[in-house]
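Peer 1: Okay, predicted coordinates and the sequence, questions at the end:
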Amino acid sequence: MKMEICQIVSPQINPTNVKADRAFATVGLFVVALAFLTAVRTAGAAKPAENREERRVASEADRLKNWPNLLGPAANVSPATGLLKDWNGETGEGIKWKTRIPLPGYSSPIYWDGKLYLTGANASTRVVYCIDSQSGEIIWERHVKNIPGSPKSVRISEGAGYASSTMATDGVRVFASFANGDLAALDLEGSPIWSKNLGKPENLYGHASSLVTHGDNLLIQYDQENLGYVAALDVATGNERWKTERDFRSSWSMPLVAMIGDHEEVILAAEPTVVSYDLKSGKELWRLDCLKYGEVTAVPVYADGLVYVSADSANLSAIDVKTQKIVWESSFSKPGVSTPLLHEGLLYCGADDGAFACFDAKTGEELWTEYADDGFYASPILADGRVHLLDRSGTMHILKPGRELKILGQSHLGEEASCTPAVVGDSFYIRGLKHLFRIGP
């Protein structure tokens with residue numbers, strides 16, 4: 001089913017002069033007064049049910065059962081069990097379904113309550129797709145168009161395309177953004193809620209930062225050559241809660257929200273600086289220059305007082321959030337596009353050049369390094385007691401977690417892949433160059 005996102009306009013009311021006798025006027029005034037008194041008695045007792053419904057979001061328990069954004073609900077860690085170790089997209093082994101996505105895109109799939117959501121686009125068309133997780137059928141598709149302020153054309157690179165930003169959901173709405181700066185919110189059945197343009201992006205590769213929801217905030221990282229900002233939007237209306245200007249180079253990273261002390265911070269990485277903002281106000285809290293020449297930056301990772309940042313041409317650094325000083329750094333086997341996985345004191349990384357490595361998260365000691373035939377854009381995922389790294393050729397490298405390298409196996413998608421898998425239940429959901437796959441028993 002196809003539907004365009006369109007703007008809803010309220011009808012105009014044109015008053016007409018009419019005559020009324022005094023008796024009618026008296027009755028009218030009495031009715032108005034009675035209604036007013038009733039409203040006064042009930043005002044403040046509770047917000048209208050519609051407003052409560054509009055602003056509600058899913059519980060944290062529900063988020064943990066799903067995959068609501070690029071890295072899932074728990075920073076690259078999934079509770080999935082029963083996952084296959086041996087599968088093959090070419091032969092069909094372990095493939096429950098394989099669905100061709102009509103328009104291209106590098107946005108990774110997200111998952112909510114049995115449905116997958118992702119985007120596809122070209123120079124003229126932008127679409128949100130909803131896919132049934134059981135059958136692989138495309139349930140609906142919605143065209144995002146006619147948004148005020150949307151530019152007619154933007155500069156992109158072939159490697160990024162027009163749909164690289166991964167969607168996000170708060171469990172009530174889904175949010176999608178595109179390379180031209182268009183941003184749209186829909187309900188889970190595809191009905192439009194609100195849309196806006198974030199400003200014409202000037203970006204060498206095209207806007208590709210993914211979306212994040214936190215509570216009833218939708219967080220936007222919008223680093224461009226001509227304008228830059230980070231913003232928190234109301235999920236129900238799209239209105240800005242706060243917006244803080246940023247004067248950095250273009251970036252394609254994603255905000256990290258971390259509880260630090262007694263408050264939550266929004267941490268962003270972009271050349272050449274890591275900056276932290278207060279979640280409630282958008283006020284800058286601290287910054288550290290450690291990403292010089294780091295044109296493409298991974299999403300920051302946080303645990304136990306340390307923030308880990310990395311970029312293609314900058315070091316992998318561990319930053320103490322209390323002192324804002326670098327605890328350790330490494331110039332080898334560092335991630336660029338791929339975001340590291342932090343688990344039980346170990347940091348697993350997939351690099352653009354094909355290296356994959358493990359570091360001691362506290363000391364920075366490089367424990368082991370191996371090389372794949374192709375580089376890593378997808379982020380590593382821990383699930384079912386194993387680390388899974390998908391390289392750009394579509395090969396999944398399956399490792400035993402630990403301080404020593406132990407490769408448990410490899411499986412092959414059968415087509416190129418740059419997207420991070422969604423891992424839910426007993427299945428991987430992987431977007432390849434042309435298809436979306438469900439891999440499971």
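Peer 2: Cool, the structure landed.
Peer 1: ok, so what distance separates the closest residue to residue 313 other than its chain neighbours from residue 407?
Peer 2: Residue nearest to residue 313 in three dimensions, not counting chain neighbours: residue 293, with 4.3 Å by CB to CB, 6 or more residues apart in numbering. (Each C-beta comes from the backbone N, C-alpha and C, glycine too.) Per CB to CB, to the nearest Å, residue 293 is found 32 Å from residue 407.
Peer 1: Verify the stated contact: residue 441 with residue 86.
Peer 2: No: Residue 441 lies out of contact with residue 86 (CB atoms under 8 Å); the separation is 10.9 Å.
Peer 1: Give me the common contacts of those two.
Peer 2: residue 94 (CB atoms under 8 Å, 6 or more residues apart in numbering).
Peer 1: Can you list phi and psi of residue 64 for me?
Peer 2: Torsion angles at residue 64 (phi, psi; degrees, to the nearest 10) stand at phi -70, psi -20.
Peer 1: In contact with it, which residues?
Peer 2: 73, 74, 79.
Peer 1: let's see 7 Å
Peer 2: Contacts for residue 64 (CB atoms under 7 Å, 6 or more residues apart in numbering) come out as 73, 74.
Peer 1: how near is it to residue 430?
Peer 2: Counting by CB to CB - residue 64 and residue 430 are separated by 21 Å.
Peer 1: cool, and residue 198?
Peer 2: 29 Å.
Peer 1: and these two? which has more neighbours close in?
Peer 2: residue 430 (25 against 21; other CB atoms under 10 Å).
Peer 1: So what pairs up with residue 275 in the strands?
Peer 2: residue 268, residue 287 (DSSP bridges).
Peer 1: List the contacts of it.
Peer 2: Contacts of residue 275 by CB under 7 Å, 6+ apart are 268, 284, 287.
Peer 1: which among those residues gets closest to residue 150?
Peer 2: Relative to residue 150, the closest of the contacts of residue 275 is residue 268; by CB to CB it sits at 24.8 Å.
Peer 1: count of residues packed around that closest one?
Peer 2: If we define neighbours as other CB under 10 Å, then residue 268 has 27 of them.
Peer 1: pretty sure it contacts residue 221?
Peer 2: Yes: at 5.6 Å, residue 268 counts as touching residue 221 under the criterion of CB atoms under 7 Å.
Peer 1: Can you check which residues contact both of the two?
Peer 2: Joint contacts of residue 268 and residue 221 (CB under 7 Å, 6+ apart) are 230, 253, 255.
Peer 1: ok, now how distant is residue 193 from residue 62?
Peer 2: From residue 193 to residue 62 the distance is 19 Å (CB to CB).
Peer 1: So those two - more neighbours on which side?
Peer 2: residue 193 (18 against 14).
Peer 1: and that one, how far is that from residue 368?
Peer 2: Distance, residue 193 to residue 368, by CB to CB: 47 Å.
Peer 1: which parts of stretch 375-385 are buried?
Peer 2: The neighbour-count check on stretch 375-385 (16 or more other CB atoms under 10 Å) flags 375, 376, 377, 378, 379, 380, 381, 382, 383, 384 as buried.
Peer 1: can you put these in a markdown table and add secondary structure and pLDDT?
Peer 2: Formatted as a markdown table, these follow (DSSP: H, G, I helix; E, B strand; the rest coil; pLDDT from 0 to 100):
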| residue | secondary structure | pLDDT |
| --- | --- | --- |
| 375 | coil | 96 |
| 376 | coil | 97 |
| 377 | coil | 97 |
| 378 | coil | 98 |
| 379 | coil | 98 |
| 380 | coil | 98 |
| 381 | strand | 98 |
| 382 | strand | 98 |
| 383 | strand | 98 |
| 384 | coil | 98 |
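Peer 1: Which stretches in the stretch 51-200 of the chain count as helices?
Peer 2: Counting by DSSP state H, counting those that start in this stretch, one finds helices in the stretch 51-200 of the chain at the ranges 60-64.
Peer 1: pLDDT below threshold where in it?
Peer 2: 51-55 (pLDDT under 70).
Peer 1: who's in contact with residue 112?
Peer 2: Here residue 112 is in contact with 66, 68, 169, 171, 188 (CB under 7 Å, 6+ apart).
Peer 1: quick check, nearest of those to residue 297?
Peer 2: residue 68 (22.2 Å).
Peer 1: residue contacts, the nearest residue to the closest one once chain neighbours are set aside?
Peer 2: Closest residue to residue 68 apart from its sequence neighbours, by CB to CB, 6+ apart: residue 169 at 4.8 Å. Residues in contact with residue 169 (CB under 7 Å, 6+ apart) are 68, 110, 112, 117, 213.
Peer 1: Would you mind checking the shared contacts of residue 268 and residue 221 for buried ones?
Peer 2: Counted by 16+ other CB under 10 Å, the shared contacts of residue 268 and residue 221 give 230, 253, 255 as buried.
Peer 1: Keep only those of those residues that are in strands.
Peer 2: residue 230 (DSSP state E).
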